[in-house]
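In: coordinates for the following, if possible.
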Amino acid sequence: MKLCLVLILKLILCSSTGTKPKLTLNEYFDFTNYPSLSLSPNGQHLLIQSKFPSWNSNSYENSLWLYNIETKKKQLITRALSESLKPQWSPSGNWIAFLLDHNSIPSSDKYSKVNEYIYLYSVISNEWLPIDIGKETPLALTWSNDDFSLYFVTFASMSPKEDANLQKVEWKDVIQYRLSKSNEGSSIHRIDIETNNQTSSTKRYLIKNVPFLITELLFVPFEEKLVLMSFSTVF
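Out: Predicted coordinates for the structure are as follows:
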């Protein structure tokens, strides 16, 4: 909370040009942006995403930092954070789920560029748990009501017949139903995390295919249901 107040104060001071010299071109292009700040559910840590221009690679360096509110210490998690999805706290605040930008890191046994991964970072042990999800790129991500499962969404290309059948079921109480020309949909998956003797393993399950693109995903613990936000073009 103190760090947030400091950042707000800095923005207020920067907006005052009467006592500050004009911003140079180099200073403008070296400006560090903070796309997201999120407090852990237990209130012990602050997750900071920073974006800084990297002139050597002709791109931006997207970093993820963990700030301990009690000790006032900042720890780097990665400098290759993907911008496609916002990092997500687990319900207890002990895990952080995020994606990496594999174009920013060399290919290795730990960071394979062949498949996509969802990475879990343990705040307690500082260890990484990579979850192989094949060649599919996640569109949305959310935790369940505990630290033992999470949901994510990927693209799903369906045949015209399958797409039409799904939409007929979706609009079974409506006289007319919409037909999609693109035949693009989404697949909802669940990942279960099993922890035994200080080791963790994961299992992946396909929950459902839907005939529209999901942009946001939210799990409602009280109802034990998923809330979806979709994007679709009406023809």
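In: show me how the record splits the protein into domains.
Out: As assigned by automatic domain parsing, the chain contains the domains 24-132, 136-235.
In: now render those as TSV, adding mean pLDDT and mean neighbour count.
Out: C-beta coordinates here come from the backbone N, C-alpha and C atoms, glycine included. Formatted as TSV, those follow (pLDDT from 0 to 100; neighbours: other C-beta atoms under 10 Å):
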stretch	mean pLDDT	mean neighbour count
domain 24-132	84	15
domain 136-235	77	14
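In: ok, the closest residue to residue 132 other than its chain neighbours - contacts?
Out: What sits nearest to residue 132 in space, not counting adjacent residues and going by C-beta to C-beta, 6 or more residues apart in numbering, is residue 115, at 5.4 Å. Neighbouring residues of residue 115 by C-beta atoms under 8 Å, 6 or more residues apart in numbering: 132-135.
In: before we move on, what about residue 114?
Out: Residue 114 sits next to residue 135 when contact means C-beta under 8 Å, 6+ apart.
In: so it versus residue 156, what's the distance?
Out: As judged by C-beta to C-beta, to the nearest Å, residue 114 and residue 156 stand 21 Å apart.
In: residue 84 touches residue 137, doesn't it?
Out: Yes: Residue 84 lies in contact with residue 137 (C-beta atoms under 8 Å); the separation is 7.3 Å.
In: re earlier: who wins on neighbours among the contacts of residue 115?
Out: Neighbour tally across the contacts of residue 115 (other C-beta atoms under 10 Å): the maximum, 19 neighbours, falls on residue 133.
In: give me phi/psi at the residue nearest to that residue when sequence neighbours are not counted?
Out: In this structure, residue 133 finds its nearest non-sequential neighbour in residue 116, 5.2 Å apart by C-beta to C-beta, 6+ apart. Note on residue 116: its backbone torsions stand at phi -90, psi 150 [degrees, to the nearest 10].
In: my guess is residue 116 meets residue 131, correct?
Out: No: Residue 116 lies out of contact with residue 131 (C-beta under 8 Å); the separation is 9.4 Å.
In: returning to that earlier point: mind listing what the residue nearest to residue 133 touches?
Out: Residue 116 neighbours (C-beta under 8 Å, 6+ apart): 99, 132-138.
In: out of those, which sit inside strands?
Out: Secondary structure from DSSP state E places 132, 138 of the contacts of residue 116 in strands.
In: just send the contacts of residue 116 back as JSON lines, with distance to residue 214 too.
Out: Below are those laid out as JSON lines (distance: C-beta to C-beta, whole Å):
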{"residue": "99", "distance to residue 214": "16"}
{"residue": "132", "distance to residue 214": "21"}
{"residue": "133", "distance to residue 214": "15"}
{"residue": "134", "distance to residue 214": "18"}
{"residue": "135", "distance to residue 214": "19"}
{"residue": "136", "distance to residue 214": "13"}
{"residue": "137", "distance to residue 214": "13"}
{"residue": "138", "distance to residue 214": "10"}
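In: can you tell me the SS state at residue 103?
Out: For residue 103, the assignment made with DSSP: H, G, I helix; E, B strand; the rest coil gives helix.
In: all the strands of this protein, residue numbers only.
Out: Counting by DSSP E, the strands of the chain are 33-39, 45-54, 59-68, 73-78, 88-89, 95-98, 117-122, 128-132, 138-143, 149-157, 184-196, 199-210, 213-220, 225-231.
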